[in-house]
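Asks: when you get a sec, could you give me coordinates for this:
(one chain, ligands or ions: 2)
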Amino acid sequence: MEDSGDFHNSCEVTSSGRDESNSHWVMPHLLIKMLSKSRWKILALLVVFAVMVWYYTSWEERYIQLFYFPVQEEKSVCPQGEVEKKTALLIGNYTRDHPLFLQLKDYFWVKTISPYELPYGTKGSEDVLLRLLAITSYSVPETILRLNNAPVYGYEQDVGSKTTMRLFYPESAHFNPKRENNPDTLLVLVPFKPMDFHWMESILNDKKRVRKGFWKQPPLIWDANPEQVRILNPYFMEITAAKLLNLPMKQLRKVKQKPTTGLLAITLALHFCDVVHIAGFGYPDSGNKKQTIHYYEQITLKSMAASEHNVSHEALAIKKMLELRVVKNLTYF
Ligand SMILES: CC(=O)N[C@H]1[C@H]([C@H](O)[C@H](O)CO)O[C@](OP(=O)(O)OC[C@H]2O[C@@H](n3ccc(N)nc3=O)[C@H](O)[C@@H]2O)(C(=O)O)C[C@@H]1O
Ligand SMILES: CO[C@@H]1[C@H](O)[C@@H](O)[C@H](O[C@H]2[C@H](O)[C@@H](NC(C)=O)[C@H](OCc3ccccc3)O[C@@H]2CO)O[C@@H]1CO
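Replies: Residues are numbered from 1 along each chain as shown. Ligands and ions are numbered 1, 2, ... in the order given. The predicted model follows:
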């Protein structure tokens with residue numbers, strides 16, 4: 001019964017469709033006959049017909065938009081200011097006034113004095129930074145941020161295929177730029193120590209590489225266009241540490257803890273995006289020895305023992321953001 005009902009329904013649709021197409025085919029035939037009698041009458045008729053068609057189609061469009069898809073229209077509007085309003089509840093003294101990337105003018109014409117050393121400021125690294133900023137750029141793009149070695153190839157369905165910015169530090173720069181990035185992806189250096197600036201400078205100027213001072217060997221050959229390299233403003237690291245992890249900023253030397261690149265990236269997004277979605281985040285419980293930590297990798301929490309991150313504090317910070325709906329999670333364990 002159901003089958004025949006469906007068949008009947010689909011017939012009706014086809015049949016009304018056929019009627020419609022018939023009327024289109026009938027019309028030219030009629031016109032040819034009338035043409036020989038009176039050209040003016042036909043022309044007038046044509047104009048009336050064209051106006052009717054135009055009126056009908058435009059009215060139909062407006063009608064469909066108004067009555068059939070009102071919700072869809074609302075959805076497509078970017079909720080400007082939403083993230084800003086909600087983030088202000090999360091981060092005290094929240095402001096969008098700080099530049100995303102460091103700029104030469106702030107170190108060349110003006111000597112910006114930072115209260116903190118890396119990774120929370122630039123105090124003591126001004127000279128090498130000046131040289132690096134002279135060969136890189138600072139323009140800001142739209143955003144799809146990826147971190148460190150996060151893969152794209154093979155996971156496009158989950159996380160899309162575009163990468164506008166890839167945040168990295170020397171020890172994590174082992175990704176394949178051709179396969180994992182787009183040709184115009186911005187390579188954003190997150191500086192943790194002065195050696196990170198020196199590494200970047202020697203790579204871009206093809207100077208002698210220094211091997212000492214890294215906790216893991218960074219790439220010695222790295223095919224990057226200086227035009228596409230940016231230096232992240234350490235302000236965002238400071239805010240992540242001070243406001244989201246509540247690290248005591250006055251006793252930083254005593255604290256052997258720092259934010260992950262992930263939490264930093266979320267903080268960054270909250271400072272210049274209207275909508276923030278995250279994918280691949282979320283740590284397993286500390287008691288869970290088997291669950292992999294990396295969304296698309298195999299290592300477990302054990303491998304993070306020496307990582308200098310406070311996983312449970314970060315998990316709480318992200319949970320709070322999700323509860324406040326400041327960010328939306330696209331993937332779950
Ligand atoms: C073993 C280890 O020390 N891994 C660290 C790796 C590793 O050093 C680099 O990939 C370089 O190879 O780097 C980190 O992290 P990593 O590069 O793995 O991941 C980027 C950020 O995504 C968030 N993340 C990722 C996977 C997951 N299951 N849950 C998550 O929350 C994290 O916030 C993470 O920061 C890093 O830079 O922060 C932090 C990780 O702790
Ligand atoms: C965002 O942090 C990155 C990564 O997630 C961290 O695990 C990593 O931590 C390393 C830390 O930065 C190193 N400290 C310094 C001052 O370099 C620490 O160094 C100890 C060490 C030294 C030599 C050889 C092995 C270990 O090692 C931590 C990793 O075990 O920092 C990343 C940002 O650089």
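Asks: enumerate the residues of the protein near ligand 2.
Replies: Residues of the chain lying close to ligand 2 (C-beta under 6 Å from any ligand atom) are 169, 171, 192-193, 215, 258, 260-261, 306-309. Where C-beta positions appear, they are placed from N, C-alpha and C, glycine not excepted.
Asks: try 8 Å
Replies: Counting by C-beta under 8 Å from any ligand atom, the residues of the chain lying close to ligand 2 are 119, 169-172, 190, 192-193, 196, 213-216, 258-261, 264, 304, 306-309.
Asks: filter these down to the ones in helices?
Replies: In helices, defined here by DSSP state H, the members of those are 196, 261, 264.
Asks: sorry, back to before: in PyMOL, how would I select just the buried ones from the residues of the chain next to ligand 2?
Replies: The following PyMOL command selects only the buried members of the residues of the chain next to ligand 2, with burial defined by 16 or more other C-beta atoms under 10 Å:
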select buried, resi 119+169+170+171+172+190+192+193+196+258+259+260+261+264+309
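Asks: could you redo the ones in helices among the residues of the chain next to ligand 2 as a markdown table and give each row pLDDT?
Replies: Putting those into a markdown table (pLDDT from 0 to 100) gives the following:
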| residue | pLDDT |
| --- | --- |
| Asp196 | 98 |
| Thr261 | 97 |
| Leu264 | 98 |
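Asks: save those as a markdown table, and put in distance to Lys111 too.
Replies: Putting those into a markdown table (distance: C-beta to C-beta, whole Å) gives the following:
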| residue | distance to Lys111 |
| --- | --- |
| Asp196 | 21 |
| Thr261 | 29 |
| Leu264 | 26 |
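Asks: any stretches of this structure with poor pLDDT?
Replies: Across the chain, residues meeting the criterion (pLDDT under 70) sit at 1-38, 55-78, 332-333.
Asks: for ligand 1, what's its nearest residue on it.
Replies: Gly262 (1.9 Å; C-beta to the nearest ligand atom).
Asks: isn't that residue up against Ala150?
Replies: No. Counting by C-beta atoms under 8 Å, Gly262 does not reach Ala150; the two are 9.4 Å apart.
Asks: what residues does this protein put near ligand 1?
Replies: Counting by C-beta under 8 Å from any ligand atom, the residues of the chain near ligand 1 are 147-150, 169, 171-172, 174, 216, 259-265, 280-284, 292-295, 297, 299, 303-304, 306-307, 309, 314-315, 318, 333.
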